[in-house]
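*Asks:* Dropping the sequence and predicted coords here.
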Amino acid sequence: MNSSIESLLKIAAEKGVLLEPDALRELSRENDAVLKLSSLIERSETPPLVITATMLSATDHPGDGIRGAGQTVGHISSVPSPPRVLKDISGNSTATGNVRDFSRYFTDRFRSIKKILLRRADMAGAIPISKVLHWDRDARIIGIVNSVRVTKNGHRLLEIEDEEERCTVLLMKEKGFDTVLKDEVIGVHGRMSRDKHMMVAQTIVRPDVPFNRDIESTDTSSRVAILSDTHIGSKTFLRKEWDDLLKWLKTSPEARDINYIIVSGDLADGIGVYPDQEDDLEISDVYGQYERVSQYFAELPDWTRIILMPGNHDAVRPAEPQPTFHGDIRKMFGSEVTFVGNPSTLDIEGRRVLSYHGRSFDDVISSIPGLTWEKPIEAMVELLRRRHLAPIYGEKTPLAPEHRDYLVIEEVPDIFITGHIHSYGLSDYRGVRLVSGSTWQSQTSYQKMKNITPVPAKMPVVDLADLSMNVVNFSNRYTSERKLVKE
Ligand SMILES: [Fe+2]
């Protein structure tokens with residue numbers, strides 16, 4: 001440990017404050033680290049419990065308030081530091097797309113979700129498929145679903161596989177099992193049929209999210225706003241609603257605590273994404289579209305950290321996980337912007353935030369009866385239950401065979417954000433806050449043809465202190481009265 005780190009830790013210990021690893025790292029790089037730390041502690045009436053990197057960046061601008069645990073002294077008018085990235089493919093992609101890559105990818109998916117399943121009490125004692133084939137007692141097994149077939153009597157036959165062996169699982173129609181998707185990893189309780197040809201399932205177990213997760217309130221005053229699917233460059237971009245949004249963000253007292261804005265994909269409309277898209281474009285050059293995105297986003301308030309993630313319309317590789325934007329695009333933006341890949345897991349002031357654009361909804365909604373484009377939240381719950389963001393392989397969602405499956409939801413997030421549906425939604429599933437971003441684009445001719453009615457110009461906001469949520473409405477119905485409706 002170098003001497004500067006040692007003396008910083010000593011001061012922190014003397015004053016009874018904790019130093020976040022990021023803050024320590026940042027401080028240790030500075031020449032006047034000791035002075036900076038002391039003054040940060042002394043400036044507050046009651047010393048903060050934890051010193052974060054965000055607080056350090058606030059002290060770089062004398063006159064700004066310092067916020068720490070146990071106190072709120074004004075607002076920071078500088079941009080908060082970038083959130084800590086917990087999981088993101090950006091810079092880590094190794095996929096070449098050969099067959100070996102795919103088999104390794106699915107093995108990683110199987111192992112990661114098996115681990116989650118084995119934490120469940122109802123999956124304790126699960127045995128390998130190779131063993132169960134000769135058993136004549138009830139057993140629990142775990143496998144990835146290779147195929148789902150429906151028999152002429154309406155029963156379903158799954159072929160599931162673990163790392164050594166495969167077997168057929170019978171889902172009797174009468175038992176009313178819910179939909180099992182190809183390529184999802186499931187647990188099965190059941191018993192081999194007498195002829196040992198197949199396992200007759202009693203129960204299907206999903207990794208799911210545990211009940212009763214404790215959510216502790218924190219003392220932050222920061223809130224996170226979620227924008228999605230701005231589709232800048234399209235003729236149907238809602239300029240007026242966007243201007244109203246900007247005005248509100250800059251002038252409303254309620255917006256002063258919005259320190260983070262996450263944009264969960266489809267920033268630009270892109271080119272060649274759907275048939276005859278050129279007819280719908282105002283800007284037909286892809287770089288021109290991002291120039292415009294950067295102009296619009298530069299107008300967002302200067303106290304917000306802007307987190308940008310690509311979606312299926314953006315100029316990055318379509319296969320998921322999508323690494324973030326190329327340097328040519330990133331350099332168009334200011335330092336208040338943080339670029340992440342799709343999906344990304346971030347630590348924002350102590351909250352685990354999972355953001356995913358949502359391309360896989362195309363596949364999940366068409367595969368699970370009852371799901372619709374109007375109800376994004378229900379589709380999000382199906383992903384959480386399966387602990388995977390894009391369970392189905394080989395349909396509309398292209399997947400890149402990375403060395404590990406970045407789409408597995410290994411840790412349960414506090415906040416789960418998606419876009420893509422162009423309709424907003426806010427809900428809670430076993431303590432996980434679910435947020436579907438809206439869109440800033442009205443109905444395109446393509447959507448009209450597909451019978452998709454967007455619900456644009458709504459901005460969900462999540463309070464990081466207690467995870468309460470609200471929506472600020474900028475859609476035309478209300479803007480005529482200049483009335484902002486909270487829902
Ligand atoms: Fe979109």
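*Replies:* Nice, thanks for sending it over. Residues are numbered from 1 along each chain as shown.
*Asks:* part of a helix, is residue 291?
*Replies:* Yes - counting by DSSP: H, G, I helix; E, B strand; the rest coil, residue 291 is found in a helix.
*Asks:* Quick check: it vs residue 426, distance?
*Replies:* Distance of residue 291 to residue 426, computed by CB to CB, to the nearest Å: 33 Å. All C-beta spots, glycine's among them, are computed from the backbone N, C-alpha and C.
*Asks:* now do residue 78
*Replies:* Residue 78 is 29 Å from residue 426, by CB to CB.
*Asks:* Residue 446 contacts residue 273, doesn't it?
*Replies:* No - with contact defined as CB atoms under 8 Å, residue 446 does not reach residue 273; the gap is 9.1 Å.
*Asks:* mind listing the strands for the stretch 51-200 of the chain?
*Replies:* 67-68, 71-72, 84-88, 139-150, 156-161, 166-171, 185-192, 199-205 (DSSP state E, counting those that start in this stretch).
*Asks:* Let me have the ones you listed in CSV, extended by mean neighbour count and mean pLDDT.
*Replies:* Output for those, formatted as CSV (neighbours: other CB atoms under 10 Å; pLDDT from 0 to 100):
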stretch, mean neighbour count, mean pLDDT
strand 67-68, 24, 32
strand 71-72, 15, 32
strand 84-88, 17, 96
strand 139-150, 18, 98
strand 156-161, 19, 98
strand 166-171, 19, 98
strand 185-192, 21, 97
strand 199-205, 18, 98
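*Asks:* Select, out of these, the one closest to residue 215.
*Replies:* Nearest to residue 215 among the strands of the stretch 51-200 of the chain is strand 84-88 (17.9 Å), distances taken as CB to CB.
*Asks:* Now do the residue lying closest to residue 423 once chain neighbours are set aside against residue 439, distance only.
*Replies:* Leaving aside its sequence neighbours, residue 423 sits nearest to residue 455 (CB to CB, 6 or more residues apart in numbering; 4.2 Å). Distance of residue 455 to residue 439, computed by CB to CB: 8 Å.
*Asks:* Counting neighbours, what do you get for residue 374?
*Replies:* 12 (other CB atoms under 10 Å).
*Asks:* What's the separation between residue 84 and the ion?
*Replies:* 27 Å (CB to the ion, to the nearest Å).
*Asks:* So that residue sits against residue 347, correct?
*Replies:* Yes - Residue 84 is within contact range of residue 347, at 4.1 Å (criterion: CB under 8 Å).
*Asks:* For residue 106, list the residues it contacts.
*Replies:* 144, 183, 393, 405 (CB atoms under 8 Å, 6 or more residues apart in numbering).
*Asks:* Within the helices and strands, which one has the residue nearest in space to the middle of the chain?
*Replies:* For the chain, residue 355 is the residue whose C-alpha lies nearest the centre (CA atoms, centre = their mean; 1.6 Å). Per DSSP states H and E, residue 355 falls inside strand 351-356.
*Asks:* Which positions in the protein make contact with the ion?
*Replies:* 229, 266 (CB under 5 Å from the ion).
*Asks:* As PDB, could you dump the C-alpha coordinates of the strand holding residue 355?
*Replies:* Extracted C-alpha coordinates of strand 351-356, given in PDB (Å, rounded to 0.1, in the frame of the first residue of the first chain):
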ATOM      1  CA  ARG A 351     -28.400   0.700  -6.000                       C
ATOM      2  CA  ARG A 352     -27.900  -2.100  -8.500                       C
ATOM      3  CA  VAL A 353     -29.400  -1.000 -11.800                       C
ATOM      4  CA  LEU A 354     -29.900  -3.400 -14.700                       C
ATOM      5  CA  SER A 355     -30.600  -1.700 -18.000                       C
ATOM      6  CA  TYR A 356     -31.500  -3.700 -21.100                       C
END
